[in-house]
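Asker: okay, sequence plus prediction incoming.
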Amino acid sequence: MQDSEETVGAVLPYWKDDAKRIERRLPGPYIAAFFSAPADLEALGSSNHISHLQYNIIACASVPGDEAYLVDGDVFRSSPIEVESLVGSGRSIGEHVYKVYIPKSLTQIGKRAEGYALLNVPEELGKVRSTGLCMIVGGGNMLGGGFWSQAVRVPVKAVGDSLEISLETEQSTSTPEPAKSPEE
């Protein structure tokens, strides 16, 4: 857990201006969620002409869709020390490990989501409490192209207004619907 997000080091950030990115940040504390990818997302993004890479958070019971997410943010490359602590000493070469910062407070997540008129925020937060939190990683360019991952469960559970790290979830383990690419 961290009190604030990083402000530099984002992989293909949407807001190239650090001041604009800092202005959009939600108050902490945050949970730093790490994930690995089979390929270097920055290289993949550059080769597919992706101008920005981000994560979107949804309730696991919700279907990913346009603008129907609770919170979004930059994706950061993990430091070599973080990667080694996650995968083991000497095994980090060639690993592509990234991190995102998810607000720990459901109230803060709800405040960010209120900007999406088509999203019933209280209902979505209720789904988070009952089915968990899922993350989608992807990006796009200004011409409408892009790619998105399938939804992946974040190992947290809601306790009151807080998200707590949980390796065992008591929440529904139903498989989230796969994300659709912009072309579909």
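Answerer: Thanks, I have it. Residues are numbered from 1 along each chain as shown.

Asker: quick check: next helix or strand after the lowest-mean-pLDDT helix or strand in the chain?
Answerer: Using mean pLDDT, DSSP states H and E, helix 18-24 stands out as the lowest-scoring helix or strand of the chain, at a mean of 52. Toward the C-terminal end, the helix or strand that comes next after helix 18-24 (DSSP states H and E) is strand 30-37.

Asker: who does the longest helix belonging to the chain touch, helix- and strand-wise?
Answerer: Using DSSP state H to define each element, the chain has its longest helix at helix 121-131. Under the contact criterion of 3 or more C-beta pairs under 8 Å, 6 or more residues apart in numbering; DSSP states H and E, helix 121-131 touches strand 52-59, helix 106-113. Where C-beta positions appear, they are placed from N, C-alpha and C, glycine not excepted.

Asker: which residues does it contact?
Answerer: Contact with helix 121-131 is made by 58-62, 70, 106, 109-110, 113-114, 158, 171-172, 174, as judged by C-beta atoms under 8 Å, 6 or more residues apart in numbering.

Asker: let me know the helix or strand that Gly73 is in.
Answerer: Short version, using DSSP H and E: Gly73 is in strand 71-74.

Asker: any idea of the mean pLDDT in the helix or strand just after that strand?
Answerer: Going down the chain from strand 71-74, the next helix or strand is strand 76-77, by DSSP H and E. Strand 76-77 shows a mean pLDDT of 84.

Asker: which is the next helix or strand following strand 76-77?
Answerer: helix 80-87.

Asker: let's see that following helix as PDB, backbone CA atoms only.
Answerer: The C-alpha coordinates for helix 80-87 follow below in PDB (Å, rounded to 0.1, in the frame of the first residue of the first chain):
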ATOM      1  CA  PRO A  80      14.200  -4.400 -11.100                       C
ATOM      2  CA  ILE A  81      14.100  -4.700  -7.300                       C
ATOM      3  CA  GLU A  82      10.300  -5.100  -7.400                       C
ATOM      4  CA  VAL A  83      10.400  -7.700 -10.100                       C
ATOM      5  CA  GLU A  84      13.100  -9.700  -8.300                       C
ATOM      6  CA  SER A  85      11.100  -9.600  -5.100                       C
ATOM      7  CA  LEU A  86       8.000 -11.000  -7.000                       C
ATOM      8  CA  VAL A  87       9.600 -13.700  -9.200                       C
END
